[in-house]
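S.K.: Show me the folded form of this:
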Amino acid sequence: MPTHHPTVLYVDDDPMSRDVLKILFQKVMGITDLFLLPNSENFMAQVQALPQLPEVIFLDIQVRPFNGYEMLSMLRQDPAYAHQPIIALTANVMANDVERMKNAGFSGLIAKPITNRIFPLLFKKILAGEPVWYIS
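M.R.: Numbering: from 1, shown residues only. This next block holds a predicted model:
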């Protein structure tokens, strides 16, 4: 596990997915600086209202009103987020999605469902600056 405690943002409109990740980060990995957004409404205003800059951002793709690609685009236009790790965390991954996500500017992909056996290892790689394109 990381020696410092990174700040994480996760945007997902599915309450169960948010709960799973919250438990994984806080109980399994000991990361308490976690911000969860239940939707992408007024997305950049919500992000800019956070008390600190997230070191890693996870975006679900199927979110409304702005989907993961649209949120990614907004983040990448802001100099503060131009080089932050932004990872797609989504259930519906087709073969051509990985290339599309890379071209869009995502830093990586973790396909749902996530497991407490694999996710901490993938997160450690993300913090180390390694690319993570994981489809279970």
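
S.K.: The nearest residue to residue 29 once chain neighbours are set aside: neighbouring residues, count only.
M.R.: Setting aside the residues directly before and after it, residue 29 is nearest to residue 120 in space (Cβ to Cβ, 6 or more residues apart in numbering), at 5.4 Å. The way it works is simple: take the backbone N, C-alpha and C, and place the C-beta from them, glycine included. Around residue 120 there are 19 other residues, counting by other Cβ atoms under 10 Å.

S.K.: And for the one 3 residues further on?
M.R.: A total of 25 residues lie near residue 123 under the criterion other Cβ under 10 Å.

S.K.: which residue packs closest to residue 88, ignoring adjacent ones?
M.R.: Nearest in space to residue 88, with sequence neighbours left out and distances taken as Cβ to Cβ, 6+ apart, is residue 109 at 4.6 Å.

S.K.: State the three-state secondary structure for that neighbour.
M.R.: strand (DSSP: H, G, I helix; E, B strand; the rest coil).

S.K.: next one: the one 4 residues further on
M.R.: In terms of secondary structure, residue 113 is coil; the call rests on three-state DSSP.

S.K.: ok, now residue 35?
M.R.: Three-state assignment for residue 35 (three-state DSSP): strand.

S.K.: how close does the spatially most central residue of the chain get to residue 8?
M.R.: Among the residues of the chain, the one closest to the centroid is residue 58, at 0.6 Å (Cα atoms, centre = their mean). Look at residue 58 and residue 8: by Cβ to Cβ, to the nearest Å, they are 7 Å apart.
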